[in-house]
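Asks: coords please:
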Amino acid sequence: MEILCNQNDLNNAIQLVSKAVASRPSHPILANILLTADQGTNKISLTGFDLNLGIQTSFDGDVKNSGAITIPSRLLSEIVNKLPNETPVSLKVDENLDNILIKSDRGSFNIKGIPSDDYPNLPFVESGTSLNIDPSSFLKALKFTIFASSSDDSKQLLTGVNFTFKKNHLESASTDGHRLAVTLIGNEENIENKDNSSLNEDDLSVTIPTRSLREIEKLVSLKTSEKSIKLFYDKGQVVFISSNQIITTRTLEGTYPNYSQLIPDTFSKIFNFKTKKLVDALERIAVLADQQSSVVKIKLNDTDSASISADAQDIGNANESIPVSSSGENFDIAFNVKYLLEGLKVIASENVLLKCNLPTTPAVFVPEDNLNSFTYLVMPVQIRS
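Replies: Okay, the predicted model is just below:
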């Protein structure tokens, strides 16, 4: 195999696929990137695959001889990244010795690869469900929910975001057991089922690991000018395909919790805050709250202001008043400040509503205009008086 390409193209491709290379590989070849070159099309493809997440990307180059080899990811990344920008880079493989000669106008590197025969194939979905998804709708759904997924591996199913693809809507939800974020993104063009079954009969529901979603988010962010990205799903595998890139990931097995039944139907108390004023005050109070328990108390009375406070024993305390309009009598409630800030920061609406019943039952934050039908449920923290 012999190729000539631009340093920038090769470097960008390596940085992209290396996110799917195993950091602790179960087999040496999984620490490598698969590089393939096709003389007929002059396409150079790179693949990283850790058996859960796979990323493949391709770009144009000058392919003098077709072939394939796997190259240590970290070594290749460091070498190519340090070569002069935009300069020509050649790679030549001695297939008898699995030696790779990398040359630029500054010098050369000789490194050892592993033959590509043992590299696992990326799983491709041949049957099952095929959809077209709108990149900007998908990104919006992700932004409103990805932050609330769990980082606790023992709660396997909660370490991802659940997506339900409906005929004209995309619903996404995530929870870590202490809070829940749900959004419904409406779009007539959003989902188009490409096989013979109708999504009306059976909405497609999949839970995708957050780690995979962070990489999918980067791919989709680059494709917002495209009308749609293809999604294929079958037997626990989801594949996203856009013009020159493929990302494949396993889904999380199991039935996602029925989150809609966690959200109360009615609320006896509704408080209306200016979103920015609430976020700014919480960030200032968090300086003290984070010193100890991360708990902030919100005290609401029959005046037009709310008191937000934090008490860090033996360190100090903080208190601030912000405007609020309310329907309900005096009320005290406490939350983990990190949970509040993460949820409030995705709300673009000028005003946000806090809806609750008791200081011990789930509270819900919703944007006042709620154009994206976003609901953020947070369990209060119980304070001993």
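
Asks: biggest helix in this structure, by residue count?
Replies: helix 275-289 (DSSP state H).

Asks: okay, how far is it across stretch 144-164, tip to tip?
Replies: When the termini of stretch 144-164 are compared using C-alpha to C-alpha, to the nearest Å, they are 14 Å apart.

Asks: just for the chain, where's the confidence low?
Replies: The model of the chain has pLDDT under 70 over residues 126, 187-202, 224, 327-328, 385.

Asks: Tell me where it has helices.
Replies: Using DSSP H, helices in the chain cover 7-17, 73-82, 135-145, 210-221, 275-289, 337-344.

Asks: ranking those helices by burial, who's on top?
Replies: helix 135-145 (a mean of 22; mean count of other C-beta atoms under 10 Å). Backbone N, C-alpha and C define where each C-beta goes, glycine included.

Asks: Need the CA coordinates for stretch 363-376. PDB is fine.
Replies: In PDB, the C-alpha atoms belonging to stretch 363-376 read as follows (Å, rounded to 0.1, in the frame of the first residue of the first chain):
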ATOM      1  CA  ALA A 363     -40.300  19.700  41.700                       C
ATOM      2  CA  VAL A 364     -40.400  20.500  38.000                       C
ATOM      3  CA  PHE A 365     -38.800  23.400  36.100                       C
ATOM      4  CA  VAL A 366     -40.200  24.300  32.700                       C
ATOM      5  CA  PRO A 367     -39.500  27.300  30.400                       C
ATOM      6  CA  GLU A 368     -42.400  29.800  30.500                       C
ATOM      7  CA  ASP A 369     -42.800  29.700  26.700                       C
ATOM      8  CA  ASN A 370     -41.800  26.000  26.600                       C
ATOM      9  CA  LEU A 371     -41.500  25.900  22.800                       C
ATOM     10  CA  ASN A 372     -39.500  22.700  22.900                       C
ATOM     11  CA  SER A 373     -41.700  21.000  25.500                       C
ATOM     12  CA  PHE A 374     -38.900  20.700  28.000                       C
ATOM     13  CA  THR A 375     -39.500  19.300  31.500                       C
ATOM     14  CA  TYR A 376     -36.800  19.100  34.100                       C
END
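
Asks: tell me which residues in that stretch are buried?
Replies: 363-367, 372, 374-376 (16 or more other C-beta atoms under 10 Å).

Asks: what about the helices of the chain, which gets the closest to N110?
Replies: Closest approach to N110 among these is made by helix 73-82 (10.7 Å; C-beta to C-beta).

Asks: Flag every buried residue along stretch 89-103.
Replies: 89-93, 98, 100, 102-103.

Asks: For K297, state which of those is nearest.
Replies: Checking the buried residues of stretch 89-103 against K297 by C-beta to C-beta gives V89 as the nearest, at 59.3 Å.

Asks: show me what contacts the closest one?
Replies: By C-beta atoms under 8 Å, 6 or more residues apart in numbering, the contact list for V89 reads 4-7, 10, 80, 83, 102-104.

Asks: go on, N317?
Replies: 288, 309-311.

Asks: any chance of the residues you listed in CSV, plus distance to F124?
Replies: Output for those, formatted as CSV (distance: C-beta to C-beta, whole Å):
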residue, distance to F124
L288, 53
S309, 56
A310, 52
D311, 56
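
Asks: Kindly indicate the member of those with the most neighbours.
Replies: A310 (27 neighbours; other C-beta atoms under 10 Å).

Asks: burial measure for the residue nearest to N65 when sequence neighbours are not counted, as a count.
Replies: Using C-beta to C-beta, 6 or more residues apart in numbering and skipping residues adjacent in sequence, the residue nearest N65 is E2, 4.5 Å away. Look at E2: counted by other C-beta under 10 Å, it has 16 neighbours.

Asks: Show me what E2 is bridged to.
Replies: Judged by DSSP bridges, the bridge partners of E2 are N65, K92.

Asks: Strands along the stretch 1-150 of the chain, start to end?
Replies: Shown for the stretch 1-150 of the chain, the strands assigned by DSSP state E, counting those that start in this stretch span residues 2-6, 32-38, 43-49, 53-60, 62-65, 67-72, 88-94, 99-104, 107-112, 129-133.

Asks: Please tell me how far the longest one is from the chain's geometric centre.
Replies: The one in question is strand 53-60. How far strand 53-60 lies from its chain's middle: 18 Å, per C-alpha atoms, centre = their mean, to the nearest Å.

Asks: what does it rub up against?
Replies: Strand 53-60 is contacted from outside by 5, 9-10, 12-13, 16-17, 19-20, 42-49, 122-123, 209, 211-212, 215, 219, 244-250, using C-beta under 8 Å, 6+ apart.

Asks: Tell me the strands beside that strand, with direction?
Replies: Applying DSSP bridges, strand 53-60 is found paired with strand 43-49 (antiparallel), strand 245-250 (antiparallel).

Asks: Can you add mean neighbour count and distance to Q382 and give the ones you listed back as CSV?
Replies: Listed next are the strands paired with strand 53-60 as CSV, based on neighbours: other C-beta atoms under 10 Å; distance: least, C-beta to C-beta, whole Å:
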stretch, mean neighbour count, distance to Q382
strand 43-49, 23, 46
strand 245-250, 22, 38
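
Asks: closest one to K143 among the ones you listed?
Replies: strand 245-250 (18.0 Å).

Asks: care to break this structure down by domain?
Replies: 2-118, 129-260, 264-378 (automatic domain parsing).

Asks: picking up where we left off before, correct me, but the residue nearest to N65 touches I100?
Replies: No - under the criterion of C-beta atoms under 8 Å, E2 makes no contact with I100, lying 10.6 Å away.

Asks: hey, what's in contact with both of these two?
Replies: Common neighbours of E2 and I100 (C-beta under 8 Å, 6+ apart) are 91-93.

Asks: Closest one to S294 out of those residues, please.
Replies: S294 lies nearest to L91 out of the shared contacts of E2 and I100, by C-beta to C-beta, at 50.7 Å.

Asks: which residues does the residue sitting furthest away from the middle of the chain contact?
Replies: The C-alpha centroid of the chain is most remote from N96, which lies 41.8 Å away (C-alpha atoms, centre = their mean). Going by C-beta under 8 Å, 6+ apart, N96 touches no other residue.
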